[in-house]
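Student: no FASTA, just this:
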DNA sequence: AAACGTTATTCCCTTTGATGAATAACGCAG
DNA sequence: CTGCGTTATTCATCAAAGGGAATAACGTTT
């Protein structure tokens, strides 16, 4: 095979005041939190260390005008993590853009 | 200022067989090479170490079906670096896509 | 043959990021 | 009031990336 496979690739994220706010990894984390109801379980399910996941969520919550994830410690089950309405809103917004981005990349890959 | 400035940002590159081939940094390096005619000067002008620049060009040349940069050692001036026709071709192709990407990002930033 | 400035390559050190372990804090259930 | 599983935080360690320095190789020019 002489002809090599060439394609256009990229990464996409949302910034707030120039700081990284939401990329694909953090979005996936939000999804897992919604499904599992626990930050620890969400992290493990992604092969992520709890600490990294925790700092990610902390950063997200601090950057945003209002928190995307509500964390509770203690209580039934030891604690829990839940998406807020804001969190679901940004998740949808990101998905929308990401979908357009895939189309963009595919289109320009074919034109190479 | 309560309202924070939110925007969509991203990075774009061309892959060959899944390997990083050309991103914005390498493209800038190609431009400097065309302008300066020297890999060392190009690297320095970007605040890049010569070694990193050299490995980048080496990787680019090895991945591509034919070299993008022609390096010559010895001779008048000690040596030189020149873009090939293939190099100019890919530089233009990348610029085209990058320009569309800027439009894409701007459009979706406004929609946030 | 000597000089010159670049390409080509190796070595070591620093720095940065990531990781795992360990532990405290918390609040409901029983 | 004890147990439980989670959130919250600190610490030491390890791997990977990056940079500077040093040096060889090269071929034209003088």
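Tutor: All right, it came through fine. All of these numbers come straight from a predicted model, not from anything done at the bench.

Student: just the pLDDT at the residue of chain A found nearest DNA strand C, thanks.
Tutor: Here chain A gets closest to DNA strand C at one residue, residue A:74, 2.1 Å apart by Cβ to the nearest atom of the strand. Using the backbone N, CA and C atoms, a C-beta is placed for each residue, glycine as well. pLDDT, residue A:74: 90.

Student: now do it against residue B:93, distance only.
Tutor: Distance, residue A:74 to residue B:93, by Cβ to Cβ, to the nearest Å: 57 Å.

Student: who has more neighbours out of these two?
Tutor: A direct count of neighbours by other Cβ atoms under 10 Å in any protein chain shown for residue A:74 and residue B:93 places residue B:93 higher, at 18 against 8.

Student: and the longest strand belonging to chain A, how far out from the chain's middle?
Tutor: Counting by DSSP state E, the longest strand found in chain A is strand A:6-16. How far strand A:6-16 lies from its chain's middle: 13 Å, per Cα atoms, centre = their mean, to the nearest Å.

Student: list the buried residues of that strand.
Tutor: A:6-8, A:10, A:12-16 (16 or more other Cβ atoms under 10 Å in any protein chain shown).

Student: in TSV: those, plus distance to residue B:51 and pLDDT.
Tutor: TSV is the format used below for the buried residues of strand A:6-16 (distance: Cβ to Cβ, whole Å; pLDDT from 0 to 100):
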residue	distance to residue B:51	pLDDT
A:6	27	94
A:7	29	95
A:8	28	96
A:10	27	94
A:12	31	94
A:13	30	94
A:14	35	95
A:15	32	93
A:16	36	92
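
Student: save those residues as CSV, and put in distance to DNA strand C too.
Tutor: CSV is the format used below for these (distance: Cβ to the nearest atom of the strand, whole Å):
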residue, distance to DNA strand C
A:6, 24
A:7, 25
A:8, 25
A:10, 19
A:12, 18
A:13, 14
A:14, 18
A:15, 17
A:16, 19
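
Student: still on that earlier bit, against residue A:80, how distant is the residue of chain A closest to DNA strand C?
Tutor: On the measure of Cβ to Cβ, residue A:74 and residue A:80 end up 10 Å apart.

Student: before we move on, what about residue A:101?
Tutor: Counting by Cβ to Cβ, the gap from residue A:101 to residue A:80 is 32 Å.

Student: what do residue A:74 and residue A:80 both touch?
Tutor: Common neighbours of residue A:74 and residue A:80, counting by Cβ atoms under 8 Å, 6 or more residues apart in numbering or on different chains, are absent.

Student: around DNA strand D, pick out the residues from chain A.
Tutor: Contacts of chain A with DNA strand D, taken as Cβ under 7 Å from any atom of the strand, map to A:38-41, A:50-51, A:54, A:58, A:71-75, A:77-81.

Student: which ones among those residues map onto strands?
Tutor: A:71-73, A:79-81.

Student: got a markdown table for those, with distance to chain B and neighbour count too?
Tutor: A markdown table is the format used below for these (distance: Cβ to the nearest Cβ, whole Å; neighbours: other Cβ atoms under 10 Å in any protein chain shown):
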| residue | distance to chain B | neighbour count |
| --- | --- | --- |
| A:71 | 22 | 16 |
| A:72 | 26 | 12 |
| A:73 | 28 | 8 |
| A:79 | 29 | 14 |
| A:80 | 28 | 17 |
| A:81 | 24 | 24 |
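
Student: identify the farthest-apart pair in the residues you listed.
Tutor: The most widely separated members of those, counting by Cβ to Cβ, are A:73 and A:81 (9.9 Å).

Student: sounds good, over and out.
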